[in-house]
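J.: Sequence first, then the predicted structure:
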Amino acid sequence: MDNTAQQTNRNRRVALIALAGALAMLGLGYASVPLYRLFCQVTGYGGTTQRASLAEAGSVKLGAQTISVRFDANIDRDMPWRFEPEQTTQDMRIGARKMAYFKAENMSDHPITGVASFNVTPEQAGKYFKKVQCFCFNRQTLQPGQSVDMPVIYYVDPAILDDPDAKDVQQITLSYTFHIAPDDGAKALDRADPAR
């Protein structure tokens, strides 16, 4: 094989490797958001709370120690709702199930569908804060002027007491922010500007 043929084969090999690398990077780019979300859900990273079934919650042993949970409610600046916790804090035994309520009211003259994002602080408590039932698991549609109570059932896993980074946490803040659902946002723009 002459030098020119060898050089052509090397160039093709390099081009194929570069193409494979570019395709792999593109694939990782598309997979990064769901992979990051899965990572946060599994580890509690960034204050991401965990979900628990009724059976899991029922098998938790009550701890002797207590902890305080503070509630925070926010709305996106374009969201025409009033949203607030019905209680500021709850004190509880670690491992006990508690229910808290948030009140949401649609202040607009048209139906609005919202979705809630959430987190807890301090971040290291995220993997121990378990939600059994939550309005944040589903989209919420409120009619004009409609007001609803939205419950969340939760507990703090006693395993928090075995974590050197989280065992001294005295208060956990559960924070929600409501946003207009992505497909409802376009409808809201159409209502605001019928010429669109």
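T.: Structure received.
J.: Name the SS class of Met92, please.
T.: Following DSSP: H, G, I helix; E, B strand; the rest coil, we place Met92 in the strand state.
J.: Verify the contact between it and Gly63 for me.
T.: No - with contact taken as CB atoms under 8 Å, Met92 and Gly63 are classed as non-touching, separated by 9.9 Å. Heads up, the C-betas are built off the backbone N, CA and C, glycines and all.
J.: what residues do these two have in common as contacts?
T.: Residues touching both Met92 and Gly63 (CB atoms under 8 Å, 6 or more residues apart in numbering): there are none.
J.: mind checking which helix or strand Met79 is in?
T.: For Met79, there is no helix or strand it lies in under DSSP states H and E.
J.: Any figure for the gap between it and Lys131?
T.: Using CB to CB, to the nearest Å, one gets 22 Å for the distance from Met79 to Lys131.
J.: which stretches of this structure have low pLDDT?
T.: 1, 24-51, 53-54, 57, 184-196 (pLDDT under 70).
J.: Just say helix, strand or coil for the closest residue to Tyr154 other than its chain neighbours.
T.: The shortest distance from Tyr154 to any residue that is not its chain neighbour, by CB to CB, 6 or more residues apart in numbering, is 4.9 Å, and that residue is Lys131. On the three-state scheme (three-state DSSP), Lys131 is labelled strand.
J.: Who does Lys131 form a beta bridge with?
T.: Legend: beta-bridge partners of Lys131 under DSSP bridges are Arg51, Tyr154.
J.: For this protein, just list every one of the strands.
T.: Taking DSSP state E as the criterion, the chain carries its strands at 50-51, 66-75, 81-85, 89-93, 98-106, 112-121, 129-134, 140-142, 147-156, 171-180.
J.: can I see the domain layout of the chain?
T.: The chain breaks down into these structural domains: 1-43, 47-188 (assignment by automatic domain parsing).
J.: buried set for stretch 59-79?
T.: When burial is assessed from 16 or more other CB atoms under 10 Å, stretch 59-79 yields the following buried residues: 60, 63, 67, 69-73, 75, 79.
J.: Now do the same contact list for Thr88.
T.: Shown in contact with Thr88 (CB under 8 Å, 6+ apart): 70-71.
J.: Tell me how far it lies from Phe129.
T.: Separation of Thr88 from Phe129 (CB to CB): 17 Å.
J.: one step back: want to throw the strands of the chain into a markdown table with distance to Leu16?
T.: As requested, the strands of the chain are arranged in a markdown table below (distance: least, CB to CB, whole Å):
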| stretch | distance to Leu16 |
| --- | --- |
| strand 50-51 | 44 |
| strand 66-75 | 50 |
| strand 81-85 | 54 |
| strand 89-93 | 60 |
| strand 98-106 | 55 |
| strand 112-121 | 42 |
| strand 129-134 | 48 |
| strand 140-142 | 50 |
| strand 147-156 | 52 |
| strand 171-180 | 44 |
